[in-house]
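Q: take this sequence and fold it.
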Amino acid sequence: MSLVQRLEVRQGQALVMTPQLLQAIKLLQLSHLDLAAYVETELERNPLLERAEADGPATGDADAAGPSSETSGEPFDASDPDSWQPPELNPSRGEIDTDFDARLDNVFPDDAPTQVQESSAGDMLSLTPPPYGSSGGSFDSEAPDFEAALTAEISLRDHLVGQLELATRDPVERLIGGFLIDAVDEAGYLRETVEGVAQRLGADADTVARVLTQVQSFDPPGIAARDLAECLAIQLCERDRYDPAMQALVSRLDLVAKRDFTALRRLCGVDDEDLVEMLGEIRRLDPKPGRAFGSSAVEVLIPDVFVRAAPDGSWLVELNGEALPRVLVNQSYYARVVRGASAEGDKAFLSEALQNANWLTRSLEQRARTILKVATEIVRQQDGFFVHGVTHLRPLNLKTVAEAIGMHESTVSRVTSNKAIGTSRGTLEMKYFFTAAIPGAAGMAAHSSEAVRHRIKQLVDGETPDDVLSDDALVQKLRSEGVDIARRTVAKYRESLRIPSSIERRREHYAHGTAHHGALALR
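A: Residues are numbered from 1 along each chain as shown. Next up, the predicted model:
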């Protein structure tokens, strides 16, 4: 066999990951907050992009499936219809793909309008998305928000420093106190030792300890503690409840976690009624006193899609317009500037800016369509959940949804990441509806792992002090209900729900029952 060099011509297909395709993929998996920040950056760097006015025409509507909904071939209108507009200002889909040497079909495989689909219960899913976009205004209309500056939340450090300035005038104590305050984390705990602070500042350890005691007397109670026991002890001293019995209880928080009430009664020297009262007092304390002054804002889960029941019994799946940024291509501005551009560099910059703006608007529109299509299929697959609740949640994976809507599994994965659905049962992440399958017993249908987890919680909540269910007992009850599940799986689900073991629950029931009978006897 001889080796010969030769030239051959072969034809094949390959996906070229151009920057524009990477941008479209990135937009698809961004949350609405990240998407808003990305669009804001594009608005700053591209002079041909602008925010849509709140009362302007809804020119970028996402595709709405239904007999009366159609997708416009030119989704974005010019802001000045009377101005001269060359043909290249409104490029077609094919022209955009040709200019960028890339196709949106590589990211969004199916660009056809979403059809009205029939659920397994016979209901029709009517899709009526609102106008695609969110309100915005021009730069000239923005004014300083003085109320926002006046109502800004104070940080934990500023709160403590203000109290330190009132507590002492000694510059040395203020220096040490400021250093200790800087070492307090967001939860309110001191992450430095007294010896370490004294060595770093070149101060006496007794002085540092005295200043630390002063800082620990500040509001909120329990601040600057070095561990949980000290945090609880400070709060109990503030309430004048740190007696020897409570001191012994706080010193053995490990027994409290294990619910070893027998050892706690012997250690504290109290009866069952007093022990239950002491434990209740511990539970009312704040283990993280600094969290009320968190430096980072709490992000509220805002739904990207709303699901609501229609009068005819169908489900309406619609996009949340407030979570979709609306941008327009300022075609009249391009028309005016391109006529005055003489340098080749200026013309090339304007041409590139126009192409990028058209690609971005098209990508945003396709993103909205894809989210709506995936959400619609999720509602169709999980229609029992929306009617009856979590007990009727079905096993579902990405492959099932991808095959049903004719998309790639990776596309569905990107769509469901960082997205949420607003329902009558609360706002839930899209990933919540994808659960593993637990096989059914005796050939019955499979069960959703989330539904099984919910059933375990119901069984534990309904148990009595005389009938505390062990993991084996939970397995037997679930199998009698048609769920073929192993004991280790029950233990894993119970631990994920933060449910104690049967031994610990039995101790807790016994302690509460003894205290209850003692209270009745005193009456």
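Q: what about the helix or strand harbouring Lys492, distance to the chain center?
A: Element membership of Lys492 [criterion: DSSP states H and E] is helix 487-496. Its chain's average C-alpha position is 25 Å from that of helix 487-496, according to C-alpha atoms, centre = their mean, to the nearest Å.
Q: buried stuff in that helix?
A: By neighbour count with 16 or more other C-beta atoms under 10 Å, helix 487-496 contains the buried residues Thr489, Val490, Tyr493, Arg494. The way it works is simple: take the backbone N, C-alpha and C, and place the C-beta from them, glycine included.
Q: nearest to the spatial middle of this protein, which residue is it?
A: With distances taken as C-alpha atoms, centre = their mean, Leu301 lies nearest the centre of the chain, 5.5 Å away.
Q: and that residue, how far is that from Met407?
A: Separation of Leu301 from Met407 (C-beta to C-beta, to the nearest Å): 25 Å.
Q: and what of Arg498?
A: Per C-beta to C-beta, Arg498 is found 37 Å from Met407.
Q: same question for Phe385.
A: 22 Å.
Q: which of the two has more neighbours?
A: More neighbours sit around Phe385 than around the other of Phe385 and Met407, counting by other C-beta atoms under 10 Å; the figures are 24 against 20.
Q: my guess is Asp484 meets Ala445, correct?
A: No - here Asp484 lies out of contact with Ala445, judged by C-beta atoms under 8 Å, at a distance of 11.2 Å.
Q: which one of these two has more residues nearby?
A: A count of neighbours by other C-beta under 10 Å puts Asp484 above the other of Asp484 and Ala445, at 16 against 10.
Q: number of nearby residues for Asp254?
A: Other residues lying near Asp254 total 9 when counted by other C-beta under 10 Å.
Q: residues contacting it?
A: Under the criterion of C-beta atoms under 8 Å, 6 or more residues apart in numbering, Asp254 has no neighbours.
Q: how about the host helix or strand of it, which residues are buried there?
A: Counting by DSSP H and E, the secondary-structure element that holds Asp254 is helix 253-258. Applying a neighbour-count criterion of 16+ other C-beta under 10 Å, the buried positions in helix 253-258 are Leu255, Val256, Lys258.
Q: and the next helix or strand past it?
A: For helix 253-258, the following helix or strand on the C-terminal side (DSSP H and E) is helix 261-268.
Q: export that next one to CSV, keeping only CA atoms.
A: Extracted as CSV, the C-alpha positions of helix 261-268 are listed here (Å, rounded to 0.1, in the frame of the first residue of the first chain):
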residue,chain,number,x,y,z
PHE,A,261,-33.2,16.8,76.0
THR,A,262,-32.4,14.2,78.6
ALA,A,263,-28.7,15.4,78.7
LEU,A,264,-29.8,19.0,78.6
ARG,A,265,-32.2,18.6,81.6
ARG,A,266,-29.4,17.0,83.6
LEU,A,267,-26.9,19.6,82.5
CYS,A,268,-29.1,22.6,83.3
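Q: other residues contacting it?
A: Outside helix 261-268, the residues that touch it by C-beta under 8 Å, 6+ apart are 245-246, 248-249, 252, 255-256, 271-272, 274-275, 278, 507-508, 510-511.
Q: the helix or strand following it: which residues count as buried?
A: Remark: after helix 261-268, the chain's next helix or strand is helix 272-283, criterion DSSP H and E. By neighbour count, with 16+ other C-beta under 10 Å as the criterion, the buried positions of helix 272-283 are Asp272, Glu273, Leu275, Val276, Met278, Leu279, Glu281, Ile282.
Q: same deal with stretch 206-213?
A: Within stretch 206-213, the residues that qualify as buried by neighbour count (16+ other C-beta under 10 Å) are Thr207, Val208, Val211, Leu212.
Q: let's see which of those residues end up in helices.
A: Among the buried residues of stretch 206-213, DSSP state H puts Thr207, Val208, Val211, Leu212 in helices.
Q: out of everything not next to it in sequence, what's closest to the first one?
A: The spatially closest residue to Thr207, leaving aside those adjacent along the chain, is Ile176, at 6.7 Å (C-beta to C-beta, 6 or more residues apart in numbering).
Q: could I have the CA atoms of the host helix or strand of the one you found written out in CSV?
A: Element membership for Ile176 (DSSP H and E) is helix 171-182. Backbone C-alpha positions of helix 171-182 (Å, rounded to 0.1, in the frame of the first residue of the first chain) are rendered in CSV as follows:
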residue,chain,number,x,y,z
PRO,A,171,-8.6,58.5,70.0
VAL,A,172,-6.9,55.2,70.9
GLU,A,173,-10.2,53.5,71.7
ARG,A,174,-11.7,54.9,68.6
LEU,A,175,-8.8,53.5,66.5
ILE,A,176,-9.1,50.1,68.0
GLY,A,177,-12.9,50.2,67.8
GLY,A,178,-12.8,51.2,64.1
PHE,A,179,-10.4,48.3,63.4
LEU,A,180,-12.7,45.8,65.2
ILE,A,181,-15.7,47.2,63.3
ASP,A,182,-13.9,46.7,60.0
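Q: give the other helices and strands that it contacts.
A: When contacts are defined as 3 or more C-beta pairs under 8 Å, 6 or more residues apart in numbering; DSSP states H and E, helix 171-182 packs onto helix 156-167, helix 194-201, helix 205-216.
Q: mean confidence score for the shortest one?
A: Okay, so that is helix 194-201. Mean pLDDT, taken over the full extent of helix 194-201, equals 89.
Q: do you know how far Lys457 is from Pro439?
A: With the distance defined as C-beta to C-beta, Lys457 ends up 21 Å from Pro439.
Q: wait, Glu463 touches Ser470, no?
A: No - Glu463 sits out of contact with Ser470 when judged by C-beta under 8 Å, with a separation of 10.3 Å.
Q: just curious, which of the ones in helices among the buried residues of stretch 206-213 is nearest to Arg369?
A: Leu212 (59.3 Å; C-beta to C-beta).
Q: report pLDDT for the closest one.
A: Confidence at Leu212, expressed as pLDDT, is 93.
Q: show me the contacts for it.
A: Applying C-beta under 8 Å, 6+ apart, we find Leu212 in contact with Leu180, Leu190, Val194, Ala224.
Q: can you put the residues you listed in TSV and add distance to Ser2 and neighbour count?
A: Conversion of the contacts of Leu212 to TSV gives the following (distance: C-beta to C-beta, whole Å; neighbours: other C-beta atoms under 10 Å):
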residue	distance to Ser2	neighbour count
Leu180	83	23
Leu190	79	22
Val194	83	18
Ala224	83	26
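Q: let me know the closest of these to Gln366.
A: Checking the contacts of Leu212 against Gln366 by C-beta to C-beta gives Leu190 as the nearest, at 51.7 Å.
Q: any idea how far Val172 is from that closest one?
A: From Leu190 to Val172 the distance is 19 Å (C-beta to C-beta).
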